[in-house]
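1. have a look; sequence and predicted model below, questions after that.
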Amino acid sequence: MAIEMIAIVGPTASGKTRHAVELARTMGTEIISADSRQVYRGMTIGTGKDLDEYGEIPYHLIDICDAGEKYNLHRYIKDFRKAFADISRKGKIPLLCGGSGMYVEAAISGISLPDVPANPDLRKDLSGKSLRELTEILSSMKRLHNITDVDTEKRAIRAIEICQYYATHPEEARLADKSKATPVNTRIIGIEIPRELRRQRISMRLHERLSNGMLHEVETLLNKGLKPEDLIYYGLEYKFMTLHLIGEIGYDEMVKSLETAIHQFAKRQMTWFRGMERRGYKIEWHPFDKPIDLSDTI
């Protein structure tokens, strides 16, 4: 079967965007982002969009909704399929690039997802519980799909909400069954970077972004009327910088906590991609400092 898509995946700070842009230029194609936060307008430095890197290469699913919205996997799948079809109609092989494992896997797997409604009673019952408690609740449930991505209390509650909905709506749950989906035939390239070097690059990039106005970016969003809890929901940079700006933590604590959280996030990303391999996806791991040659595919 002919290759329908190329995917460039890997942890944060591995150089995915640079590799994707170089490959897209060679292939004469367009890039579809697989990043759960780069969809938001006004969240540029903190999400590492690096838009200047794209140059003349067209990109999709970046800056498509306002900060404060609750973009989700259901919406992503719909948007991905439209972008994929638009690029394919031009006779090009779409290039998927990103580190949000659940978005990558959902796009490749071909699954469909129902738009799970909010459950106010459940959210009320779970409010006040710690992330550890919520994670324990989630792990005790019969998980009907493997697309939860939990790093804040709100995300954990949403994951529990989805599991509970599927448990009581089996006909909807079947839509998320990968065994009944038609996958996109994808060649997956993983960008591999030594762990210690990855940690160094994460720390260096964090300080560069702080110097380039990342804190001001969050302050601007708050001044525009976004609620602190909405920014905290997005996790990582937006969580810790918001906590600092509303006076809950000092600057040094913010930097230290954020740096630790990003290292943990990168580790979770790699755990996800290794999990994809166990679930039957072939990932070709490629050194971060070598150009990618896919001449045998294109």
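-> Perfect, I can see it now. Residues are numbered from 1 along each chain as shown.

2. all strands of the stretch 101-250 of the chain, in order?
-> Using DSSP state E, counting those that start in this stretch, the strands of the stretch 101-250 of the chain run over 186-192.

3. tell me which stretches of it form helices.
-> According to DSSP state H, counting those that start in this stretch, the stretch 101-250 of the chain carries its helices in the segments 101-109, 120-126, 131-140, 153-168, 170-173, 195-211, 214-223, 228-233, 236-245.

4. could you tell me the least trusted of those helices?
-> Of all those, mean pLDDT reaches its minimum on helix 170-173 (a mean of 77).

5. how far does that helix sit from the chain's center?
-> In terms of C-alpha atoms, centre = their mean, to the nearest Å, the centre of helix 170-173 is set 25 Å apart from its chain centre.

6. hang on, the earlier thing: of all the helices of the stretch 101-250 of the chain, which lies closest to Ile188?
-> The closest of the helices of the stretch 101-250 of the chain to Ile188 is helix 101-109. By C-beta to C-beta, the value is 7.4 Å. In short, each C-beta sits where N, CA and C put it, glycine included.

7. other SSEs contacting that closest one?
-> If you count contacts as 3 or more C-beta pairs under 8 Å, 6 or more residues apart in numbering; DSSP states H and E, helix 101-109 packs onto strand 5-9, helix 73-89, strand 95-98, helix 251-278.

8. now stretch 101-111: buried residues?
-> For stretch 101-111, the neighbour count (16 or more other C-beta atoms under 10 Å) marks 101-109, 111 as buried.

9. please convert the helices and strands packed on helix 101-109 to CSV, extending it with distance to Ala67.
-> Shown next, in CSV, are these (distance: least, C-beta to C-beta, whole Å):
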stretch, distance to Ala67
strand 5-9, 25
helix 73-89, 15
strand 95-98, 18
helix 251-278, 18
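
10. those: which one's closest to Ile188?
-> strand 5-9 (4.6 Å).

11. what angle separates the closest one from helix 101-109?
-> Strand 5-9 and helix 101-109 meet at an angle of 160 degrees, taking axes from the mean of the first three to the mean of the last three C-alpha atoms, to 10 degrees as the criterion.

12. and strand 5-9, which strands flank it?
-> The pairing partners recorded for strand 5-9 under DSSP bridges are strand 95-98 (parallel), strand 186-192 (parallel).

13. tell me which of these is the most buried.
-> strand 95-98 (a mean of 25; mean count of other C-beta atoms under 10 Å).

14. distance of Ile198 from Asp50?
-> Just to correct that, residue 198 is Arg rather than Ile. Using C-beta to C-beta, to the nearest Å, Arg198 is found at 17 Å from Asp50.

15. between the two, tell me which one has more neighbours.
-> Arg198 (21 against 14; other C-beta atoms under 10 Å).

16. pretty sure Ile162 contacts Val116?
-> Yes - between Ile162 and Val116 there is a contact under C-beta atoms under 8 Å: 5.0 Å.

17. who has more neighbours out of those two?
-> Using other C-beta under 10 Å, the more surrounded residue of Ile162 and Val116 is Ile162, with 26 against 19.

18. that one and Ala173, how far apart?
-> To Ala173, Ile162 is 10 Å away according to C-beta to C-beta.

19. one more: Asn212?
-> 44 Å.

20. which one's more surrounded, these two?
-> It is Ala173, of Asn212 and Ala173, that has more neighbours when counted by other C-beta under 10 Å, with 18 against 11.

21. now that one, nearest residue through space, not along the chain?
-> Spatially, and ignoring its direct neighbours in sequence, Ala173 is nearest to Tyr166 (3.9 Å; C-beta to C-beta, 6 or more residues apart in numbering).

22. please apply the same query to Gly55.
-> Closest to Gly55 by C-beta to C-beta, 6+ apart is Val21, at 6.8 Å.

23. ditto for Arg123
-> Arg123 sits nearest to Ile157 (C-beta to C-beta, 6+ apart), 5.9 Å away.

24. check contacts around the one you found.
-> For Ile157, the contacting residues are 122-123, 126-127, 134, by C-beta atoms under 8 Å, 6 or more residues apart in numbering.

25. next, format those as CSV and append distance to Phe80 and neighbour count.
-> Below are those laid out as CSV (distance: C-beta to C-beta, whole Å; neighbours: other C-beta atoms under 10 Å):
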residue, distance to Phe80, neighbour count
Leu122, 28, 14
Arg123, 28, 14
Leu126, 30, 18
Ser127, 32, 10
Leu134, 28, 20
